[in-house]
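Chemist: Quick one, what's the 3D model for this:
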Amino acid sequence: MLFPQRALALDPDGMESKMLFGDAQAGAAAIPKESGNGNYHTCRIPSIFAIPGTSVVVAIVEGRPNGNLDASGNFNLLMRRSTDSGLTWSVATTLTGAGLQSWTNPTLVHDRTTGRLTCFMLRRQLGELYQDDPEVYIATSTNNGATWTTPVARPDLNRAAGGNDFIGPGNGIQRADGTLVVPARGRLIIKAPGGDWAGHGLPQGLSDLPYGEGTVAERSDGRLILNYRALDSELKNGAPYPHTRRVAIGNPGDWQLFGQEHWRAQIIDPGAHAAQISHSINGARHLVHLNSASREIGNRYVMTLRVSADDGETWSAQRPLSADPLASEGNRVGDLREGGYSALTSTGSGIILALVEARRVQTANPTIAGLNNSPCAVVLRRFDPKWLVPA
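Modeler: Numbering: from 1, shown residues only. Next up, the predicted model:
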């Protein structure tokens, strides 16, 4: 079943936005729990992927039934699917939710050779144990996300060092040579053509700490650019934090680290997840990046798109999403405040799709801490690159 949704905002310069996964206070747009007992309190941690050569787009989020926080537990992965490049969407269905564990960190990657779509995910324990040794699972689809296999555990892909783990979230990539690459904490998960998935360790980063939640893209020179958030230990344990992204460039086994310069000063960051993709704009390859351009730790509400025409060496164009705000964005109770985790994908028509978290305002003029603890929805941004880079 497909049904169009009224856009929250629509400007003539090429930006559209609409609610895609509603929180419990989103009225008719709220996502019902499978049990029929009310709606999901929060939807967070988006992943979105436009299948190359088709008009199919798959969007997946965490459905958090009882609260916003990571420790609230029992999360399911919820999916919506579009067959017209993101104009209309199916109703939300459950990709996986078996058992009382939390299913988290959806990360989509597609193999254009086999047509197989893969969703990486983590299965976490409940409550305060959610950081203890999450397990890597994989579900696959051979019909562009219409149906999926039951998730299969892949203990060989778990983080060797144990402890808290991250896959993505968001998306992996397929390199020009057909190799699939998925970012994960301290490693990349790689599948060579005709082979199986295998973990490839990354060198430790700043202060001898591993890379955490992050993104990967292929540059025009064939090397990979990794773009990661700071770890909580860098934010909270007294280590110097310049409020920017961690970046490394190279290939597995041949990484070029930036040393003190691998903090990329042009990409301001409050210590949160970001999204990054490669996309053709005006006939040339660009990197497109989305995150909160705030130096205030915890402030995820300054969402800004950036574009690089030189493989991430410099970022020549930027524009905040607040230049085209959601129709309901504001400081009043019930309004949305856009910001948080995000995901990007490039459609074959040249349109870019972004999923962005949006918190539900609970009190007038809320504090950042109050927003961060509020119910969360996920909004779709659908835009022509000219919104960001004029022709």
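Chemist: Extract the C-alpha set from stretch 300-316 and format it as PDB.
Modeler: The C-alpha trace of stretch 300-316 is given here as PDB (Å, rounded to 0.1, in the frame of the first residue of the first chain):
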ATOM      1  CA  ARG A 300      22.700  18.400  17.600                       C
ATOM      2  CA  TYR A 301      20.300  21.100  16.300                       C
ATOM      3  CA  VAL A 302      22.500  23.100  13.900                       C
ATOM      4  CA  MET A 303      22.100  20.600  11.000                       C
ATOM      5  CA  THR A 304      24.200  21.800   8.100                       C
ATOM      6  CA  LEU A 305      24.900  20.400   4.600                       C
ATOM      7  CA  ARG A 306      28.400  20.800   3.200                       C
ATOM      8  CA  VAL A 307      29.900  20.000  -0.200                       C
ATOM      9  CA  SER A 308      33.400  19.300  -1.200                       C
ATOM     10  CA  ALA A 309      34.600  19.300  -4.900                       C
ATOM     11  CA  ASP A 310      38.100  18.100  -4.000                       C
ATOM     12  CA  ASP A 311      37.600  14.800  -2.300                       C
ATOM     13  CA  GLY A 312      37.200  16.300   1.200                       C
ATOM     14  CA  GLU A 313      40.300  18.400   1.300                       C
ATOM     15  CA  THR A 314      38.200  21.500   1.500                       C
ATOM     16  CA  TRP A 315      34.400  22.200   1.800                       C
ATOM     17  CA  SER A 316      33.500  24.900  -0.600                       C
END
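Chemist: So which elements touch the particular helix or strand that has residue 43 in it?
Modeler: In the assignment (DSSP states H and E), residue 43 maps to strand 42-50. With contacts taken as 3 or more Cβ pairs under 8 Å, 6 or more residues apart in numbering; DSSP states H and E, strand 42-50 sits against strand 57-64, strand 102-110, strand 170-171, strand 336-346, strand 352-360, strand 376-383. Quick note: C-beta positions are derived from backbone N, CA and C, even for glycine.
Chemist: Packing partners of the second one?
Modeler: Applying 3+ Cβ pairs under 8 Å, 6+ apart, one finds that strand 102-110 contacts strand 42-50, strand 57-64, strand 76-82, strand 117-124, strand 170-171, strand 173-174, strand 180-184.
Chemist: Can you tell me which of those is nearest to residue 381?
Modeler: Go through the helices and strands packed on strand 102-110 one by one with Cβ to Cβ and the one that ends up closest to residue 381 is strand 42-50, at 10.2 Å.
Chemist: now the angle from the closest one to strand 352-360?
Modeler: Inter-element angle recorded for strand 42-50 and strand 352-360: 180 degrees (by axes from the mean of the first three to the mean of the last three Cα atoms, to 10 degrees).
Chemist: Strand partners (parallel or antiparallel) of strand 42-50?
Modeler: Strand pairing for strand 42-50, using DSSP bridges, gives strand 57-64 (antiparallel).
Chemist: Just the CA coordinates for the strand it pairs with, please, in CSV.
Modeler: Listed in CSV are the C-alpha atoms of strand 57-64, where the atom choice follows Å, rounded to 0.1, in the frame of the first residue of the first chain:
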residue,chain,number,x,y,z
VAL,A,57,14.3,3.5,-1.8
VAL,A,58,14.5,1.7,1.5
ALA,A,59,14.5,3.6,4.8
ILE,A,60,15.1,1.9,8.2
VAL,A,61,15.1,3.3,11.7
GLU,A,62,15.2,2.0,15.3
GLY,A,63,11.7,2.0,16.8
ARG,A,64,12.1,2.6,20.6
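Chemist: I'd like the helices and strands packed on strand 42-50 as JSON lines, with distance to residue 314 and mean neighbour count appended.
Modeler: Compiled in JSON lines, the helices and strands packed on strand 42-50 are given as follows (distance: least, Cβ to Cβ, whole Å; neighbours: other Cβ atoms under 10 Å):
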{"stretch": "strand 57-64", "distance to residue 314": "30", "mean neighbour count": "28"}
{"stretch": "strand 102-110", "distance to residue 314": "28", "mean neighbour count": "26"}
{"stretch": "strand 170-171", "distance to residue 314": "23", "mean neighbour count": "30"}
{"stretch": "strand 336-346", "distance to residue 314": "19", "mean neighbour count": "26"}
{"stretch": "strand 352-360", "distance to residue 314": "20", "mean neighbour count": "26"}
{"stretch": "strand 376-383", "distance to residue 314": "22", "mean neighbour count": "26"}
